[in-house]
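A.B. asks: starting from these lines, generate the structure:
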Amino acid sequence: MISIGGLTVAYGGFTLLDNIDFHISETDKIGLVGKNGAGKSTIMKLICGEQSPTSGHIDMPSNLRIGYLPQIMHHNRGRTVMEETLTAFKEEKELEKEMERVSAALSERTDYESPEYLTLISRLNEINDRLALDSGESPAVKAEKTLLGLGFRDSDFTRKTETFSQGWNMRIELAKILLSSPDILLLDEPTNHLDIESIEWLEDYLKAYRGSLVLVSHDRRFLDNVTNRTIEIMLGHIHDYKVPYSKYLELREERMAQQMAAYQNQQRMIEKTEDFIAKFRYKPTKSNQVQSRIKALEKLDRIEMDETDKARLTVKFPPAPRSGDVVFKASDLTAAYPGKTVFTHADVEIRRGEKVALIGRNGEGKTTLMRIIMGELDPAAGEAKVGHNVNIGYYAQNQEDILDKNETVLSTLDRIAVGDIRTKLRDLLAQFLFRGEDIDKRVSVLSGGERARLGMAKLMLQPYNLLALDEPTNHMDIKSKDILKQALKAYDGTMVVVSHDRDFLNGLVDKMYEFRDGKVKEHLGSVEEFLEKRKIENLQELERRFTSAPAAQPAQPAKAEKAPEAPAAPQMSASKQDFAARKAVSKESRKLKNRIDFLEKEIAKTEKKMAEIEAVLANPGKDDDIMDLTRDYLENKRALDAMTDEWGDLLEKMEG
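C.D. replies: Here you go, the predicted model:
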């Protein structure tokens, strides 16, 4: 369908893409992967004609319909959300008008055998075929389903687009692209402004989508679930794998290992041959053998190792100073802005060492709670209090607004660094991939991923014991996200994170607070369990709402299309009831178990610290402060006694 041949993109002396070739067929769902700045977005712009290559060609049918969602786009103003979304059916309405004109022209003609009459008949058939593909539900119903899937509410449909944030306007543009039924979708990081539920809806939609897809995303799970092919861009070249992302990683590792083994074997053979030639070059009795080996080396097809980009993010957070047992506590909390109440009567408790996620749809109050924790916003009602000796490191979502665009990378840190860390700023920046001339770049020219890394580097300047992270992985490539996740898992302080990245949260957090419909609800258990429950509830809502409407492809996800079938409805209902019953029974016990597991880990850590102090006290050195060590030991002993008592009480409850 689309053929790309000899494609090169160069800027001055720098070659971004070097003579690449690949083909996109009708059934391909391709994940474009590579580090930030590798050329993924450039390839999309080349395909849709927004940019021209330095050399090479892109061949495609002239009538191919392309739906392109860039990272940054223009948003229309002056219409309501629904009015703007319905503009996606502009082509369909134009076809209907053309069909009326062609039908009228045919009704007036009597030259049934003429070429003109046959041309009109052919065009009428083309229009009928095209409209038949889009038949089924009305445009309004399709638009409503798509907007609801992307997180809008009924009350949003009549609001003007300019009253929404850039992220919500991106959702409107995405809805229009999906509803226009293009032959190929080019989606450049579509999940950046979506919450978890909307990501899952889009995931199901793209699984059912019948056209081609080229996707740039830093969400590993999203890529795995949606794509069937992975094209890696590295140092200007591409490597094409006919598998999803996780399988690509395995095959890439195998390919590199096999290539290395073959390269090393050939190098050993070459070395032995060259030694033989050098040793016997001037011996007449060996001249034939020497010449034979020289010719063999000249004809040898030498194996070359593929270039690899080995630059990787390396992060290790400083040890966290000890805080009080309760790091943050909110009781009957109401948060509001002038003219708008965000959430009411929320109870939130975050204890030392916990890793907590704030999840829910955009605009429900996750960032608002972060601002309350930071002391930037006072509660409208209720109480919110940060615990004893809590030092907060805050990573804000809008790094482009937080960072001073006139500063350089180095001066951004140098302005706020104090003490010995100032002598290590270059080493710290190197951990975040700022090396050589990079540290003198101005913030204004940094990419989104580079600004994200610089914002994270600022958190390393002090030993915080509470990290408050608002969408820390936006714009980070997959490798960087994986390394950041491991660093946060190893971090010994407390963490509160806002994120829509399911793979990032899975295995990282042990408690979640869901923000929904003005309420804040605590969830214990895994991210997977929460998502499964929410998906069942959403499917039931779709079933109740659109049960009388015929299904249409691909206006809703495949799973949702099955809901109206008569035999499936009672099964789903029973499944939901069974799920709810099991959750009701197990919720309390799971909450107790999670707390017991947490206490057991903390007890083990405390006992280890006490054993280390005892060893020092048994044989103190000349620099050891006996009084400080004794105070630390007694403080740990008090904490251990309190945790052991609570642990025993919880075990009794579990057994009871």
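
A.B. asks: where does the stretch 251-400 of the chain dip in pLDDT?
C.D. replies: 304-314, 399-400 (pLDDT under 70).

A.B. asks: all strands of it, in order?
C.D. replies: Shown for the stretch 251-400 of the chain, the strands assigned by DSSP state E, counting those that start in this stretch span residues 326-337, 340-351, 355-360, 381-386, 392-395.

A.B. asks: and the first one, how far out from the chain middle?
C.D. replies: Spelled out, that is strand 326-337. Chain-centre distance of strand 326-337: 29 Å, with C-alpha atoms, centre = their mean, to the nearest Å.

A.B. asks: adjacent strands (with direction) for that strand?
C.D. replies: Applying DSSP bridges to the sheet, strand 326-337 is found paired with strand 340-351 (antiparallel), strand 381-386 (antiparallel).

A.B. asks: using CSV, write out the CA atom coordinates for the longest one.
C.D. replies: Translated: strand 340-351. Provided in CSV are the C-alpha atoms of strand 340-351 (Å, rounded to 0.1, in the frame of the first residue of the first chain):
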residue,chain,number,x,y,z
LYS,A,340,-15.6,24.8,40.7
THR,A,341,-15.5,22.0,43.3
VAL,A,342,-13.0,19.3,42.3
PHE,A,343,-13.7,16.6,44.9
THR,A,344,-15.3,16.4,48.4
HIS,A,345,-15.1,14.4,51.7
ALA,A,346,-11.8,12.7,50.8
ASP,A,347,-9.9,10.6,53.3
VAL,A,348,-6.3,10.0,52.3
GLU,A,349,-3.5,8.5,54.4
ILE,A,350,0.0,7.9,53.1
ARG,A,351,2.4,6.2,55.5
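
A.B. asks: report the inter-axis angle for that strand versus strand 355-360.
C.D. replies: Between the axes of strand 340-351 and strand 355-360, defined by axes from the mean of the first three to the mean of the last three C-alpha atoms, to 10 degrees, the angle is 160 degrees.

A.B. asks: same deal with the last one?
C.D. replies: For strand 381-386 against strand 355-360, the angle by the same axes, to 10 degrees is 150 degrees.

A.B. asks: list of residues touching strand 381-386?
C.D. replies: When contacts are defined by C-beta atoms under 8 Å, 6 or more residues apart in numbering, strand 381-386 is touched by residues 327-334, 344-346, 372-373, 375, 392. Heads up, the C-betas are built off the backbone N, CA and C, glycines and all.

A.B. asks: pick the most buried one from the strands of the stretch 251-400 of the chain.
C.D. replies: strand 355-360 (a mean of 24; mean count of other C-beta atoms under 10 Å).

A.B. asks: how far is that strand from where the chain is centred?
C.D. replies: For strand 355-360, the distance to the chain centre is 15 Å (C-alpha atoms, centre = their mean).

A.B. asks: partners of it, with directions?
C.D. replies: strand 494-498 (parallel), strand 511-516 (parallel).

A.B. asks: one step back: can I get the strands of the stretch 251-400 of the chain in JSON lines with distance to L629?
C.D. replies: Formatted as JSON lines, the strands of the stretch 251-400 of the chain follow (distance: least, C-beta to C-beta, whole Å):
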{"stretch": "strand 326-337", "distance to L629": "26"}
{"stretch": "strand 340-351", "distance to L629": "26"}
{"stretch": "strand 355-360", "distance to L629": "30"}
{"stretch": "strand 381-386", "distance to L629": "29"}
{"stretch": "strand 392-395", "distance to L629": "28"}
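
A.B. asks: so which of those gets nearest D628?
C.D. replies: Judged by C-beta to C-beta, the one of the strands of the stretch 251-400 of the chain that comes nearest to D628 is strand 326-337, at 24.1 Å.

A.B. asks: tell me the bridge partners for L466.
C.D. replies: Taking DSSP bridges as the rule, L466 bridges to I392, T494.

A.B. asks: how many residues are close by it?
C.D. replies: Neighbourhood size, L466 [other C-beta atoms under 10 Å]: 22.

A.B. asks: show me what contacts it?
C.D. replies: S323, V327, F328, V390, N391, I392, G393, G493, T494, M495, V496.

A.B. asks: let's see it at 10 Å
C.D. replies: Neighbouring residues of L466 by C-beta atoms under 10 Å, 6 or more residues apart in numbering: 320, 323, 327-328, 350, 352, 373, 386-387, 390-394, 493-496.

A.B. asks: could you do D649 as well?
C.D. replies: Counting by C-beta under 10 Å, 6+ apart, D649 touches L592.

A.B. asks: wait, which of the contacts of strand 381-386 is closest to Y513?
C.D. replies: A346 (8.1 Å).

A.B. asks: that closest one: what's its closest spatial neighbour, skipping adjacent residues?
C.D. replies: Spatial nearest neighbour of A346, chain neighbours left out: V520 (3.7 Å); criterion: C-beta to C-beta, 6 or more residues apart in numbering.

A.B. asks: where does this protein dip in pLDDT?
C.D. replies: Scanning the chain for pLDDT under 70 picks out 130-136, 304-314, 399-401, 535-588, 590, 627, 655-656.

A.B. asks: which residues of the stretch 1-150 of the chain fall in strands?
C.D. replies: Along the stretch 1-150 of the chain, the segments classed as strands by DSSP E, counting those that start in this stretch run 2-11, 14-24, 29-33, 55-59, 66-69.

A.B. asks: by how many degrees do the second one and strand 2-11 diverge?
C.D. replies: Put plainly, it is strand 14-24. If you take the same axes, to 10 degrees, strand 14-24 sits at 180 degrees to strand 2-11.
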